[in-house]
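Peer 1: Just need the structure, nothing else, for what follows:
(chains A and B)
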Amino acid sequence: MTHPIPFHETPPTGATADLAARMQALIPVLETERLVLRAPRIEDFDAFAAMVDGPRGSFFGHPKTLADAWEIFMQLTGTWPLRGHGAWTVTDRASGTVLGMVLIGAEPGDMEPELGWAVTPEAEGRGIAFEAACAVRDHALGPLGLSRLVSYVDADNIRSVALAERLGATRDPAAEAALPDADRCAVYRHAVPGGR
Amino acid sequence: MSLPASVPVIETEDLILRGYREADFEAFARFAASDRARFVGGPQARYDSWRSFMAGIGHWSLRGYGMWMLEHRETGEAAGRVGVIYNDGWHEPELGWHIYDGFEGRGYAYQACRAARRHAAEHLGMNAIMSYIAPDNARSLRLAQRLGCWHERDVEVLGSPCQLWRHPAEEIGA
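Peer 2: Okay, here's the model as predicted:
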């Protein structure tokens, strides 16, 4: 999947910018030591498309074409009004550079709200995904009040398995057995504070 | 947060153009699964329709405009979708229309397109907007003509041949 026109998506202008800004303002900003997690913006799309091409796209529906990546990018944003959660763009606090995306998703086929993540190649190996995923997990199980949260992980995806375990999530064999055959994967369940 | 509250509402004689609600999904998925969706990327399994439904909402948040759900005033049912779509890789923003089963042949697409086209010209800075039409979509070609559009050129959209039809400019402030 190669991008024919690199970095061509530009911010909306005029009246359309106002409506986009109003809608994006409804998405909470999460801050960590090194990161700011904010609403997805159109100009993040090129970084998203590059990031989810290949194994890094495992939480994002494995888009095979740019058109698929586009639809998934819009879907991640559109989850917010329906479910009150969705995807955040992970940015570097100092520079604003896009480093990845973390989501509480309601993708087709998901049985429960899912915590998923992807980071750009430049952000790998620096604990960025861990820092961002912790912030989103704490938001999901804290202010958002979700009573359950899982991560559907391809068991061959060593990086994601390691991150799920570092987040303290544990395999849930019953949830794995309940998945349709076509969606077989490891289900990591995140502990809910107070055991709700 | 609420999408319906963010999306402008436009009323016409028979329709209310408004933001999507989750209750609209059944009508959306039925249309997407039908043969009539073949001109707009379908037919589509219900599973994929859920993704498309949410994507249609995300378009509003990312671009600041999108497609409206058409609510049939008389029954409250979802009658279709009309609005402005600009997907990555397209030439420019498009005025698109989908009319659901049971609501065809009543002039609703025409009515909604006129309202959406005027809104785009007055509020989105998009006058003389275009519509992509598949060369074998006879119904949509007829509607384009009725809307006063002309066949500007043949194009390829993400690898598929398509006709680009140009709408007449609206008189703004008239």
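
Peer 1: Dihedrals phi and psi, the residue nearest to the spatial centre of chain B?
Peer 2: Nearest residue to the geometric centre of chain B (CA atoms, centre = their mean): residue B:82, 2.7 Å. Dihedral angles of residue B:82 (phi, psi; degrees, to the nearest 10) stand at phi -140, psi 140.

Peer 1: Number of residues surrounding the residue lying closest to it once chain neighbours are set aside?
Peer 2: Distance criterion CB to CB, 6 or more residues apart in numbering or on different chains; nearest residue to residue B:82, sequence neighbours excluded, is residue B:112 at 4.0 Å. In this view, the C-beta of every residue, glycine as well, is placed from N, C-alpha and C. Here the number of neighbours of residue B:112 (other CB atoms under 10 Å in any protein chain shown) works out to 26.

Peer 1: ditto for residue B:114
Peer 2: 16.

Peer 1: Now do the end-to-end distance for stretch A:26-40.
Peer 2: 12 Å (CA to CA, to the nearest Å).

Peer 1: Is any residue of it near chain B?
Peer 2: Yes - applying CB under 8 Å from any CB of the partner chain, one finds stretch A:26-40 in contact with chain B at A:26-27, A:39-40.

Peer 1: Export those as TSV, with columns for pLDDT, neighbour count and secondary structure.
Peer 2: Formatted as TSV, those follow (pLDDT from 0 to 100; neighbours: other CB atoms under 10 Å in any protein chain shown; DSSP: H, G, I helix; E, B strand; the rest coil):
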residue	pLDDT	neighbour count	secondary structure
A:26	87	16	coil
A:27	92	21	coil
A:39	95	22	coil
A:40	96	25	coil
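
Peer 1: any idea where the strands of chain B begin and end?
Peer 2: Assigned by DSSP state E, the strands in chain B fall at B:10-11, B:15-18, B:67-72, B:78-85, B:94-99, B:130-133, B:150-157, B:160-166.

Peer 1: need these in a markdown table with mean pLDDT, can you?
Peer 2: Below are those laid out as a markdown table (pLDDT from 0 to 100):
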| stretch | mean pLDDT |
| --- | --- |
| strand B:10-11 | 97 |
| strand B:15-18 | 98 |
| strand B:67-72 | 98 |
| strand B:78-85 | 97 |
| strand B:94-99 | 95 |
| strand B:130-133 | 97 |
| strand B:150-157 | 96 |
| strand B:160-166 | 94 |
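
Peer 1: Quick check, residue A:164 in contact with residue A:152.
Peer 2: No - taking CB atoms under 8 Å as the definition, residue A:164 is not a contact partner of residue A:152, at 9.9 Å.
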